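Colleague: Pasting a predicted model and its sequence here:
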Amino acid sequence: MWNGEKLVILISMKKEIPDIFEYINFRDYLADYYKIRKENEPGFTHTYICHRLGQVKSKGYFNNVIMGRIQMTATFVNRFIELLELKGNQANYFRALVNYNQTVSPAEKEFFFEQIIRLNNTPYRIVDKSTYQFYKEWYHGAIRALLDVINFTDDIRMITSGLYPAITAKHARESLSLLKKLGLIKKNNSGFWKPTDKVIITGEFIRDELIRQYQMKCCSLAQSVIADDNKLNQRNITMTISVSDRAFDRIIERIMGVKSEIRSIVHKDDETATKVCHLNMNIFPMSN
């Protein structure tokens, strides 16, 4: 009887293996999976894992994968799936995560991110598909802002001719439908579609990834505008500088201060809006 009670206590103390659908980075999942399974099974060591993966002579392989020092090939993705005992959509989700985290191509990142959205079957972790669609294209936000400038009822040409770069009538109609669905626009007392004060809220799990995808679209948009040389009233500033860590931090602070100041200018602007503008500010290290 005592032995039976002891067994129940030991089983209840075991921690559950993490849910793959709660992760957006496969390396974080592997690290948490290893920690918990090692606590439950002392024999689940790096040596054992490398042996299961066919890396008998490379005991540091598993740690190198987690630290991002080496890329995981398709062959080892399959071996990891077997080791982790992932089935069905779990296995497909893991593959999508590996591809998403390892690729550097913006187009491939978008492709695999869509797979992640589609495969994630944990309702409280997945972003609403319509919210995802809003961040998928740059012109959804642009049309929302444009409606604050023009008096639009149903003449779609006002949208297609009012945006730069131009979009198709089909895309304009789809975007208007999405904005209505999300409650981001509504008709005012004069019958014109205008922006509401609502903002899109996403879960912690997906917010950063959505914004990252959106930012890549915006950077691509800026590139096309510069290449077009259409004589628009645009300002493009490019600098390559060498600075200390302290100076770099001060530049970041100033950029964030400018961002807040711009928001304040827009918020306090009591004159009628006459144009829609897009602003990108980027700073990133180019050296290791």
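Modeller: All right, it came through fine. Only a predicted model underlies this, so the values are computations on that prediction, with no experimental measurement involved.

Colleague: For the residue nearest the centre of the chain, list the residues it contacts.
Modeller: Centroid-nearest residue in the chain, with Cα atoms, centre = their mean: residue 209, separated by 1.3 Å. Counting by Cβ atoms under 8 Å, 6 or more residues apart in numbering, residue 209 touches 24, 113, 116. From N, CA and C alone the C-beta is placed, and that goes for glycine too.

Colleague: next one: phi and psi at the first one?
Modeller: Going back to what we said before, that points to residue 24. phi -120, psi 0 (degrees, to the nearest 10).

Colleague: And residue 193, by the same measure?
Modeller: The main-chain torsion angles of residue 193 are listed as degrees, to the nearest 10 and equal phi -80, psi 120.

Colleague: where exactly do the strands run in the stretch 51-200 of the chain?
Modeller: All strands of the stretch 51-200 of the chain, identified by DSSP state E, counting those that start in this stretch, fall at 185-187, 193-195.

Colleague: will you turn the ones you listed into CSV that also has mean pLDDT, mean neighbour count and distance to residue 34?
Modeller: Supplementary listing: those in CSV, determined by pLDDT from 0 to 100; neighbours: other Cβ atoms under 10 Å; distance: least, Cβ to Cβ, whole Å:
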stretch, mean pLDDT, mean neighbour count, distance to residue 34
strand 185-187, 92, 16, 48
strand 193-195, 92, 17, 48
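
Colleague: how near is the residue nearest to the centre of the chain to residue 136?
Modeller: Separation of residue 209 from residue 136 (Cβ to Cβ, to the nearest Å): 12 Å.

Colleague: Test for you: state the pLDDT assigned to residue 204.
Modeller: With respect to pLDDT, residue 204 scores 52.

Colleague: brain fart, residue 6
Modeller: Per-residue confidence for residue 6 comes out at a pLDDT of 45.

Colleague: Out of the strands of the stretch 51-200 of the chain, which gets nearest to residue 240?
Modeller: Taking Cβ to Cβ as the criterion, residue 240 comes closest to strand 193-195 out of these, the separation being 37.8 Å.

Colleague: helices and strands around the closest one, which ones?
Modeller: strand 185-187 (3 or more Cβ pairs under 8 Å, 6 or more residues apart in numbering; DSSP states H and E).

Colleague: repeat that with 10 Å
Modeller: In this structure, strand 193-195 packs against helix 138-146, helix 169-181, strand 185-187, with contacts taken as 3 or more Cβ pairs under 10 Å, 6 or more residues apart in numbering; DSSP states H and E.

Colleague: tell me, which of those is the model least confident about?
Modeller: helix 138-146 (a mean of 89).

Colleague: who touches both of residue 209 and residue 136?
Modeller: Each of 113, 117 lies in contact with both residue 209 and residue 136 under the rule Cβ atoms under 10 Å, 6 or more residues apart in numbering.

Colleague: Format the strands of the stretch 51-200 of the chain as a markdown table; extra columns: distance to residue 75.
Modeller: Putting these into a markdown table (distance: least, Cβ to Cβ, whole Å) gives the following:
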| stretch | distance to residue 75 |
| --- | --- |
| strand 185-187 | 50 |
| strand 193-195 | 51 |
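
Colleague: returning to that earlier point: so which of the helices and strands packed on strand 193-195 gets nearest residue 156?
Modeller: Closest among the helices and strands packed on strand 193-195, once you apply Cβ to Cβ, is helix 169-181, at 5.1 Å.

Colleague: Return the distance of the closest one from the chain's centre.
Modeller: Its chain's C-alpha centre and that of helix 169-181 lie 22 Å apart, by Cα atoms, centre = their mean, to the nearest Å.
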